[in-house]
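Peer 1: Any chance you could fold what I've pasted below:
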Amino acid sequence: MDGSPDVEAQIRMAQERGDFDGLPGAGKPLKLPAVHDPDWWVKSYVQREGIDTSALVHPTIALRREADTFPESLVVLTSEEQVRAVLEDFNRRVITEWRRPMAGPSLPVVARQVVVEPLVERWRALRAEVERAERKAARVESTADSALPPAGVSRRLIARLTRTPS
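Peer 2: Numbers count the residues shown, from 1 in each chain. As a prediction, this is how the structure comes out:
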């Protein structure tokens, strides 16, 4: 050896000096990758970078997941024409996926087209509920606003003007 202390001795001396005190993560378990997981580094990268994994799924799976959100995801649309356009676009994308040439092993999962009319009917019912809730919220807000003094008028002035003489 060249006269320098070994690694273990250096660590002990650093501990005694307090070099490791107050480090971030002190006292917490280490996040170690699964020993037998060959993709540990990809998974940790995705988690560390906050990557949206929904973009990583196969197009067929993405289409099936999208279909599962109908008609609730369409409730923000305000006309039947818009709803029909979205559903017909979805069906076109499904057909495109059916026609996509397979490279490598095929997925046993098949995306299916949606039946437009029943979904439009369900959308109408949901949309009616949303509109009722919006009207009710507007009435409540309107009532609350009427209890407020007009702009520029202080509450003290209103109290003074409405006070009964004693």
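Peer 1: Give me the secondary structure label for Ala26.
Peer 2: With DSSP: H, G, I helix; E, B strand; the rest coil as the basis, Ala26 sits in coil.
Peer 1: Which residue ranges of the chain form helices?
Peer 2: For the chain, the helices defined by DSSP state H cover 7-17, 40-49, 59-68, 80-99, 116-146, 155-162.
Peer 1: Relative to Pro24, which of those is closest?
Peer 2: helix 40-49 (15.0 Å; CB to CB). Backbone N, C-alpha and C define where each C-beta goes, glycine included.
Peer 1: Let me see the mean pLDDT of that closest one.
Peer 2: The average pLDDT within helix 40-49 is 86.
Peer 1: who does that helix touch, helix- and strand-wise?
Peer 2: Helix 40-49 is packed against no helix or strand, with contacts defined by 3 or more CB pairs under 8 Å, 6 or more residues apart in numbering; DSSP states H and E.
Peer 1: just to revisit the earlier point, of the helices of the chain, which is nearest Pro105?
Peer 2: Per CB to CB, nearest to Pro105 of those: helix 59-68, 12.9 Å.
Peer 1: Nearest to Lys28, out of the helices of the chain?
Peer 2: Among these, helix 40-49 comes nearest to Lys28, with 16.2 Å by CB to CB.
Peer 1: mind exporting the closest one as CSV, just the C-alpha atoms?
Peer 2: Extracted in CSV, the C-alpha atoms of helix 40-49 (Å, rounded to 0.1, in the frame of the first residue of the first chain):
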residue,chain,number,x,y,z
TRP,A,40,-35.4,-2.2,-14.2
TRP,A,41,-33.5,0.7,-15.8
VAL,A,42,-36.4,1.5,-18.2
LYS,A,43,-39.0,1.4,-15.5
SER,A,44,-36.9,3.6,-13.2
TYR,A,45,-36.2,6.1,-16.0
VAL,A,46,-40.0,6.3,-16.8
GLN,A,47,-40.8,6.8,-13.2
ARG,A,48,-38.0,9.3,-12.6
GLU,A,49,-38.9,11.4,-15.7
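Peer 1: chain center to it: distance?
Peer 2: Centroid displacement of helix 40-49 relative to its chain, using CA atoms, centre = their mean, to the nearest Å, is 19 Å.
Peer 1: ok, back up a step: to Leu30, which of the helices of the chain lies closest?
Peer 2: Judging the helices of the chain by CB to CB, what sits closest to Leu30 is helix 40-49, at 12.3 Å.
Peer 1: So which residue is smack in the middle of this structure?
Peer 2: Centroid-nearest residue in the chain: Asp52, 9.4 Å away (criterion: CA atoms, centre = their mean).
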